[in-house]
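Chemist: My questions concern the predicted model and sequence given below.
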Amino acid sequence: MSKTKTPSYSSPKGGRRGCLCENGTYSTKCCDGSLQAQGIGVTQGIDSVTITENAGVRTTVRQNG
C-alpha cells in the first residue's frame, strides 16, 4: 500500500481544530491538508454521535438537535 497522501482543498492545515491522525485519534498536529486528515468539525451543540467500524472503515454519524 502506498504511503502517498491525497491532497485536499477542504481538509485544513494547522489551525485550532483537530484532524484525523493515522492512529485513529484527532490532533491539531495531524492537519496537513491531506484527504486522510479530515477535520473534526464543530464539537459543540451535537445531540448524539454514533461511531461504527466495518471491515476497517470507521463511520461517524452526528445528529444535531
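Modeler: That came in fine, so what should we check first? Numbering: from 1, shown residues only.
Chemist: what residues are up against E53?
Modeler: Neighbouring residues of E53 by Cβ atoms under 8 Å, 6 or more residues apart in numbering: T59. (Glycine included, C-beta is placed from N, CA and C.)
Chemist: So what pairs up with it in the strands?
Modeler: Beta-bridge partners recorded for E53 (DSSP bridges): R58.
Chemist: With T59 as the reference, measure out to it.
Modeler: 7 Å (Cβ to Cβ, to the nearest Å).
Chemist: Distance-wise, check the closest residue to T60 other than its chain neighbours relative to T59.
Modeler: Nearest residue to T60, sequence neighbours excluded (Cβ to Cβ, 6 or more residues apart in numbering): I51, at 5.1 Å. Using Cβ to Cβ, we find I51 at a distance of 7 Å from T59.
Chemist: One more: R16?
Modeler: 25 Å.
Chemist: and stretch 29-40, C-alpha only, in PDB?
Modeler: Only the C-alpha atoms of stretch 29-40 are listed here, as PDB (Å, rounded to 0.1, in the frame of the first residue of the first chain):
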ATOM      1  CA  LYS A  29      -0.600  18.300  14.700                       C
ATOM      2  CA  CYS A  30      -2.100  15.900  12.100                       C
ATOM      3  CA  CYS A  31      -3.700  18.700  10.000                       C
ATOM      4  CA  ASP A  32      -1.500  18.500   6.900                       C
ATOM      5  CA  GLY A  33      -4.100  19.300   4.200                       C
ATOM      6  CA  SER A  34      -4.500  15.700   3.000                       C
ATOM      7  CA  LEU A  35      -7.800  13.900   2.400                       C
ATOM      8  CA  GLN A  36      -6.800  11.400   5.100                       C
ATOM      9  CA  ALA A  37      -6.500  14.100   7.700                       C
ATOM     10  CA  GLN A  38     -10.100  15.300   7.600                       C
ATOM     11  CA  GLY A  39     -11.100  18.000  10.100                       C
ATOM     12  CA  ILE A  40     -13.200  17.100  13.100                       C
END
